[in-house]
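Trainee: model this:
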Amino acid sequence: MPPDAGAADITGLRVLLVADLLTRIAELRNLQVFTVLAYDGQPGGQLAALERAVDTLGMHPPAARASSGEASTSLGGPVDVHLVSEGARADDRLSGLVTPVGAARIHGAGQGLLAGHEPAAVRLALLSFPYHRPADLTESVLADANATVGRWRLWVAEWAESPSRPIPKPIAERARETFDDLDTVSALALLADLASDAALPTGAKFETFVYADRILGLDLPRDIGRAAR
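Mentor: Prediction:
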């Protein structure tokens, strides 16, 4: 639930990113997820811009959108998790676990909601901050995120040419724990450590990165097959 329909910004987008992460994690657990984009006031152009940004960042689109008072009706049942931006008052009409999401700021936002930046870099930059703390997307943070996405896509494409190897159990357990806690910071650190681990077979690195990307949503396998051409 963004702050309000008339002030759709990067903070509102971050709320929806956390919802996307929860959806991806739940689906990997074979759970059915139904999300509603709840707003205050009347829907307008800024809400539409927010939804376009959701599509650009590769998020699961909300199954429905409704005013706060109609969200439960849209779900056809109680709300399990109610995401709100930091400082916003949770709607008493909605049930479920209330989870605040930290405010976010992207520099150069006057150019548009994503400020003309590479969508995957914006997504990674937001994931590099704990979801419950503020996220300041400076030019430096975005540049680092953009470089990381490019580097990881290249490595995944190279690793794809090696024989596949299973994800080692300790690594799989650690990855699952970080995602269960919505700890994307630790998940990203885990991938960075694995990438530089010379003892880990490249096939296992490939499988780990592809698995993690099912939640992170960075489209890391995008360049598989391109390097050979």
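Trainee: could you break this protein into its assigned domains?
Mentor: With domains defined by automatic domain parsing, the chain comprises 5-116, 142-223.
Trainee: list phi and psi for Ala135.
Mentor: phi -130, psi 120 (degrees, to the nearest 10).
Trainee: touching, it and Arg123? I think so.
Mentor: No. With contacts counted by CB atoms under 8 Å, Ala135 stays clear of Arg123, the gap being 11.6 Å. The C-beta positions use only the backbone N, C-alpha and C, and glycine is treated the same way.
Trainee: all helices of the chain, in order?
Mentor: 10-28, 45-56, 71-75, 119-127, 139-159, 169-180, 184-195, 202-216 (DSSP state H).
Trainee: got these as a markdown table, with distance to Ala63 columns?
Mentor: Listed next are the helices of the chain as a markdown table, based on distance: least, CB to CB, whole Å:
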| stretch | distance to Ala63 |
| --- | --- |
| helix 10-28 | 10 |
| helix 45-56 | 12 |
| helix 71-75 | 8 |
| helix 119-127 | 21 |
| helix 139-159 | 28 |
| helix 169-180 | 22 |
| helix 184-195 | 23 |
| helix 202-216 | 19 |
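Trainee: of those helices, which stretch is the most buried?
Mentor: Of the helices of the chain, the one with the most neighbours on average (mean count of other CB atoms under 10 Å) is helix 119-127, at a mean of 23.
Trainee: mind picking out the helix or strand in the protein with the poorest mean pLDDT?
Mentor: Lowest mean confidence among the helices and strands of the chain (mean pLDDT, DSSP states H and E): helix 71-75, at a mean of 64.
Trainee: surely Val36 meets Pro61?
Mentor: No. Counting by CB under 8 Å, Val36 stays clear of Pro61, with 11.2 Å between them.
Trainee: more neighbours: those two, which one.
Mentor: Val36 (21 against 13; other CB atoms under 10 Å).
Trainee: separation between the more buried one and Leu13?
Mentor: 16 Å (CB to CB, to the nearest Å).
Trainee: next one: Arg24
Mentor: Counting by CB to CB, the gap from Arg24 to Leu13 is 16 Å.
Trainee: over to Lys205?
Mentor: 31 Å.
Trainee: again with Leu200
Mentor: Applying CB to CB, the value for Leu200 to Leu13 is 34 Å.
Trainee: then Arg165?
Mentor: Taking CB to CB, one finds Arg165 at 37 Å from Leu13.
Trainee: how about Leu126?
Mentor: Counting by CB to CB - Leu126 and Leu13 are separated by 8 Å.
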